[in-house]
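Student: Model the structure of this input:
(one chain, ligands or ions: 1)
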Amino acid sequence: MKKKMSRFDLEKMKQSSQIVTWVTAYDYPTASFAEQAGMDMILVGDSLGMCVYGYEGTVPVTMDQCVEHCKAVRKGASNTFVVGDLPFLSYQVSIEEAVRNAGRFYKESNVDAVKLEGGIRVCPQIKAISDAGMLVIGHIGLTPQSSGQLGGFKAQGRTAETAKEVIADARAVQEAGAFALLVEAVPPEVTKIIRDELKIPVYSIGAGVHADGQLTICSDLLGMFQAFTPKFVKKYENLAERATQAFSKYVEEVRNREFPEEQHTYKMVDGEFEKLLKLLN
Ligand code: KIV
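Tutor: Below is the predicted model of the structure:
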């Protein structure tokens, strides 16, 4: 059976330049497929708002939704390092709320770590969650919960000035006690500076090849999310098309009375149908 990663395994992987594989999952079957494929980590991202609930962004997602999806993922991937994603307004209002909500993921969903978005401005929350004995992953660069402030889902750190800000965020997140950092939609040169400087593992989603690991959203990887496709997405499957084809075939066969066939139906015990007819007369 696959051994579950610990933070020390992840740190050792950075030291020995072994790349970490990370994907999102929101439900039991997807989590179990990821585990069977040998994935190192799973994020139960608040991207579930868009990928599962059809919201336009992640802002409406609630703690209760995240906790429930984490429970399903934990069941499907009991030997994989699972990260719960703190949704919008679950950690920004106060440090106490941040610790309490991070703790909910631990107590109710048995996660291995939590993630929150932001750099310097959320360092007090990172420190408090970490001081309470939990593992925290920072998330900088493009932070979807504040995409309104960033002017949309746009790459970050593309100029010297803004790249300097991203690097300052990375340093602050490590200093505050995060055990790992996720960098989203930032040019690879900037990610490399961060990865080379920081002691903690630095993971990328759309931040190039120079990272200690790669994260991809399962619905992008599997070709299920259709609203838009970010530049950094590689589709390994086209499940949207394949599922639509399968449903169309089903519709056609049901309408033509080609399904169900004999092999899909139950047989009465020998002689029981005749008895039934007598009983009914
Ligand atoms: O919610 C999520 O899946 C994320 C990724 C976009 C990094 O936070």
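Student: mind listing what residue 225 touches?
Tutor: For residue 225, the contact set (CB atoms under 8 Å, 6 or more residues apart in numbering) comprises 50-51, 217, 219, 240. Using the backbone N, CA and C atoms, a C-beta is placed for each residue, glycine as well.
Student: out of the residues you listed, who's near the ligand?
Tutor: When contact is defined as CB under 6 Å from any ligand atom, the contacts of residue 225 meet the ligand at residue 217.
Student: Which of the contacts of residue 225 ranks first by neighbour count?
Tutor: Among these, the one with the most neighbours (other CB atoms under 10 Å) is residue 219, at 24 neighbours.
Student: Using the three-state scheme, assign it.
Tutor: The local conformation at residue 219, judged by DSSP: H, G, I helix; E, B strand; the rest coil, is helix.
Student: Contacts only, for it.
Tutor: Residues near residue 219 by CB under 8 Å, 6+ apart: 24, 47, 51, 225.
Student: just checking, residue 24 touches residue 45?
Tutor: Yes: between residue 24 and residue 45 there is a contact at 4.4 Å, judged by CB atoms under 8 Å.
Student: list residues touching both of the two?
Tutor: Listed contacts common to residue 24 and residue 45 are residue 217; contacts here mean CB under 8 Å, 6+ apart.
Student: count of neighbours near residue 195?
Tutor: Other residues within reach of residue 195, judged by other CB under 10 Å, total 23.
Student: Return the closest of the contacts of residue 225 with respect to the ligand.
Tutor: The ligand lies nearest to residue 217 out of the contacts of residue 225, by CB to the nearest ligand atom, at 5.4 Å.
Student: residue contacts, the nearest residue to that closest one once chain neighbours are set aside?
Tutor: Excluding the flanking residues, the one nearest residue 217 by CB to CB, 6 or more residues apart in numbering is residue 24, at 4.9 Å. Going by CB under 8 Å, 6+ apart, residue 24 touches 42-45, 47-48, 51, 215-219.
Student: Now do the strands in the protein.
Tutor: Secondary structure of the chain (DSSP state E): strands at 20-24, 41-44, 81-85, 113-117, 136-141, 180-184, 202-205, 213-216.
Student: okay, residue 156: pLDDT?
Tutor: Note on residue 156: pLDDT of 95.
Student: What separation is there between residue 137 and residue 162?
Tutor: Plainly put, residue 137 is 22 Å away from residue 162 if you go by CB to CB, to the nearest Å.
Student: out of these two, which sits in the busier spot?
Tutor: A count of neighbours by other CB under 10 Å puts residue 137 above the other of residue 137 and residue 162, at 22 against 15.
Student: Surely residue 179 touches residue 133?
Tutor: No: contact criterion CB under 8 Å: residue 179 and residue 133 do not qualify, at 12.0 Å.
Student: okay, those two: which has more neighbours?
Tutor: Each of residue 179 and residue 133 has its neighbours counted (other CB under 10 Å); residue 179 has more, 19 against 9.
Student: got the contact list for that one?
Tutor: By CB under 8 Å, 6+ apart, the contact list for residue 179 reads 7, 10-11, 113, 130, 135-137, 200-201.
Student: Any of these buried? List them.
Tutor: Buried members of the contacts of residue 179, scored by 16 or more other CB atoms under 10 Å, are 10-11, 113, 130, 135-137, 200-201.
Student: I'm done for today, thanks for sticking with me.
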